[in-house]
Every structure is written in C-alpha cells, then in structure tokens.
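Asks: Here you go, sequence then predicted model.
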Amino acid sequence: MKKLTSLSTPATRIGDPWADTGANYLWRCYNLGAVIPAFRNMTIVKDGFAKLVRSGDKDGVQSRIIETLKEVEISLNIERGTLEGELIACTFGTYDETLSSEQYFHKSNRDFRLAGLFRDLKVTPKPAGGHSEFFNMPTRTALAKFASAQRQACKNFGMEIVNEKRANGTYGCPFPQDNKQERGYA
C-alpha cells in the first residue's frame, strides 16, 4: 500500500457505516524524527480500531490514519503533508472482535508506549485521536504482537477490557451503535 499523508483522500469503500463491522489495524508513522529530534531513531507504530466504512463510503482505516496524521501535524506545528503513514497489518471482523484485539494490544504492550512524548498532542477541544496508542517498536516485533492479539484468548481478555471501559464510561469503547457522536463512527 502506498503511504498516506494528511493531504491524502481515503479510498472508497461501499458499505453501511452502521453495520457491525470493524477493523483492527497497525500502521507506521514516518518522518516524525526528522522534524522532532526526540523521535529520531524510533520506529513509531500505532495500533487502532475503526469502523470498516465511514459515512460517504470512505474506507474507515485510511480515514483514521489520515485524520491522525493531520491532528499530529496541527498539534506539533508541523507543515501539513510532512508526516507519512503506511498500513502494515489489518484484520476485519465484528465491531467487538476488532475492538477487543485493539484493546488487548494496547494493554499488553505498555512498555513500548510513547504516551509521555505524545501528551502534548492537544487539538482544541480534544486531544489528537489515539494520542496514547503510539508505540516505539521494531516493525517485525509489532507485527508479531499484532498477530498475537488476533488469537481468541487475547480477544477474550481484550473484551474484558472493553466491557470494563464501557461500564466506567471510558472514551473509546462505545457500544457499536449507541453513540453516533463517537469519533470513528460515521
């Protein structure tokens, strides 16, 4: 897949944005170390979740990557189109299956998390989407950990995390069709 920038247009994906379908995806961010020395020599990856189709028949995964690149550039005052993102792995399934894989990946890889360096990603009025979901991890390791998160036992543990976050009202784990204002929906 070609690299995306904040100036890219997501591919068309025909479907129902309210269908019970989702994607757990892994992508790599390029060029951040060239602009901000603190990120030099890091392999920055992000694990995310998206509805498979966004409103307007847009690919949900590409839309989320493009949005995140844009928000990071705005937050860190980087010229638009500088950062690049490349999708390196993606799985499809039901909303809850893919969300549970994402939550498992985040929980089980905290040692690699770059949350501290991304705490300043503030876009008025909200932080950049997924600002706590960036990791400094070799691509090969990230792919192996992503594949592991797709195992049923890992999804079951991830679903426990999703249910706990839903019970506590934590942002980012809504029920499939309960919150149409949740980012990443439509």
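Replies: Alright, I've got the coordinates. Everything numeric in this text was worked out from a predicted model, so none of it was measured.

Asks: List the backbone torsions phi and psi for the residue nearest the centre of the chain.
Replies: By Cα atoms, centre = their mean, the chain has its centre lying nearest to Gly48, at 2.4 Å. Phi and psi for Gly48, reported as degrees, to the nearest 10, are phi -140, psi 170.

Asks: Any figure for the gap between it and Ser101?
Replies: In this view, Gly48 and Ser101 are 11 Å apart by Cβ to Cβ, to the nearest Å. From N, CA and C alone the C-beta is placed, and that goes for glycine too.

Asks: Can you pull the residues that touch both of the two?
Replies: Asn24 (Cβ atoms under 8 Å, 6 or more residues apart in numbering).

Asks: just to revisit the earlier point, now do the contacts for the residue nearest to the centre of the chain.
Replies: Asn24, Tyr25, Leu26, Trp27, Val61, Arg64, Ile65, Thr68, Glu102, Gly130, Glu133.

Asks: how much space between it and Ala34?
Replies: For Gly48, the distance to Ala34 - Cβ to Cβ - is 23 Å.

Asks: Thr170 now?
Replies: Thr170 is 34 Å from Ala34, by Cβ to Cβ.

Asks: so where does Ser6 fall, helix or strand?
Replies: Secondary structure from DSSP states H and E places Ser6 outside every helix and strand.

Asks: nearest spatial neighbour of it, skipping sequence neighbours?
Replies: Once flanking residues are discounted, Ser6 sits nearest to Lys70: 3.8 Å by Cβ to Cβ, 6 or more residues apart in numbering.

Asks: Same question for Leu7.
Replies: Gly81 is the one closest to Leu7 (Cβ to Cβ, 6+ apart), at 4.4 Å.

Asks: all helices of the chain, in order?
Replies: Applying DSSP state H to the chain gives helices spanning 32-35, 60-75, 95-108, 139-148, 152-168.

Asks: And these: which comes nearest Ile88?
Replies: helix 139-148 (6.5 Å; Cβ to Cβ).

Asks: What residues sit buried inside the closest one?
Replies: Ala142, Lys145, Phe146 (16 or more other Cβ atoms under 10 Å).

Asks: Can you tell me what sits against it?
Replies: 24, 26, 28, 43, 45, 47, 88-89, 105, 108-109, 135, 137, 154.

Asks: in this protein, which helix or strand is least confident?
Replies: Least confident helix or strand, the chain: strand 122-123 with a mean of 54, by mean pLDDT, DSSP states H and E.

Asks: coming back round to it: got the helices of the chain as TSV, with mean pLDDT columns?
Replies: Listed next are these as TSV, based on pLDDT from 0 to 100:
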stretch	mean pLDDT
helix 32-35	94
helix 60-75	91
helix 95-108	94
helix 139-148	97
helix 152-168	94
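
Asks: how near is Leu76 to Gly22?
Replies: 29 Å.

Asks: before we move on, what about Ser75?
Replies: The value you get for Ser75 to Gly22, if Cβ to Cβ is used, is 26 Å.
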